[in-house]
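Q: Predicted model and sequence below, questions to follow.
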Amino acid sequence: MMLRRTEKKWCAAVLWLAVMLLTGCGGQAPESTVGRTLASAESEALSEAETARETEKIYVYVCGAVAEPGVYPLSADARVQDAVRMAGGFTEEADPEALNLARRLSDGEQIRVPTWEEQEQAASGSAAGPGLVNINTATAEELMTLNGIGQAKAEAIISYREREGPFSSIEDVMQVPGIKEAAFLKIRDHITV
C-alpha cells in the first residue's frame, strides 16, 4: 500500500511539473516582453537580409560617355550612380540627365551613357544608326517619339522598368499596364532592349 501512495505522489509531482513547464511556470510573459522579443527577432532577420544583399555581387556593363567603360562588380543594392562612379564618372560630353541615377541595378545589365549630341539627335529624329529607341534607357521624351506612346504610357514604361528592372525582350513591354498587343505591334519595329 505504501508503494501505491508513493507512486501517486510521484505521478502528481510529474503532472504538476509538466503543467508548470507548459504554462511558463504558472505565469505568462508580459505582452511587452513578447512584443520586444518578436521585434528584436524581426530586426535581426532584416539586418541579416540586408547584410546578405550587400555582400551579394552583380555585374553590370557600363559604356558610352564614361571615363573607363567596362564590366564592373557591384553590390546587389547598387544604383546607376554607383555604376557610373565605378566607370570613372561621366566624360565632358556625357548627358547625365538622360539616366535615372537613383534606379536600382540588376545583374547582367548594360548602362549606356549617351552624349549631349546623341540626345539632341535622338530628340530631332536624326540619330545615326537604326534609329531604334531602347526601352530600357529611353527618357519619356524619347519614348513619346514612338507611334501611340503619349506622356502617360511613356511614364508607365519608365515606372515599370524602375520597379521591375530592365526589359529582357521587346515583347516584355506588353507587361506594362496600358500597352497591349495592338500598341506593341505599332512600336515593335522601332524599339530595342
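A: Received it, and whenever you're ready, just let me know what you need. Only a predicted model underlies this, so the values are computations on that prediction, with no experimental measurement involved.

Q: Tell me, how many residues neighbour Arg163?
A: Using other Cβ atoms under 10 Å, Arg163 has 9 other residues around it. Where you see a C-beta, it was placed from the backbone N, CA and C, and this is true even at glycine.

Q: pLDDT wise, what is it at?
A: Turning to Arg163, the model gives it a pLDDT of 89.

Q: again with Ala123
A: 68.

Q: for Glu117, same thing?
A: Looking at Glu117, its pLDDT reads 85.

Q: Give the full set of residues in contact with it.
A: Applying Cβ atoms under 8 Å, 6 or more residues apart in numbering to Glu117 gives the contacts Glu93.

Q: ok so it is a helix residue?
A: Yes - assessed by DSSP: H, G, I helix; E, B strand; the rest coil, Glu117 belongs to a helix.

Q: Which phi and psi values does Tyr61 adopt?
A: phi -100, psi 120 (degrees, to the nearest 10).

Q: any idea how far Lys153 is from the closest residue to it other than its chain neighbours?
A: Closest residue in space to Tyr61, ignoring its immediate chain neighbours: Gln110 at 4.6 Å, by Cβ to Cβ, 6 or more residues apart in numbering. Gln110 is 24 Å from Lys153, where distance means Cβ to Cβ, to the nearest Å.
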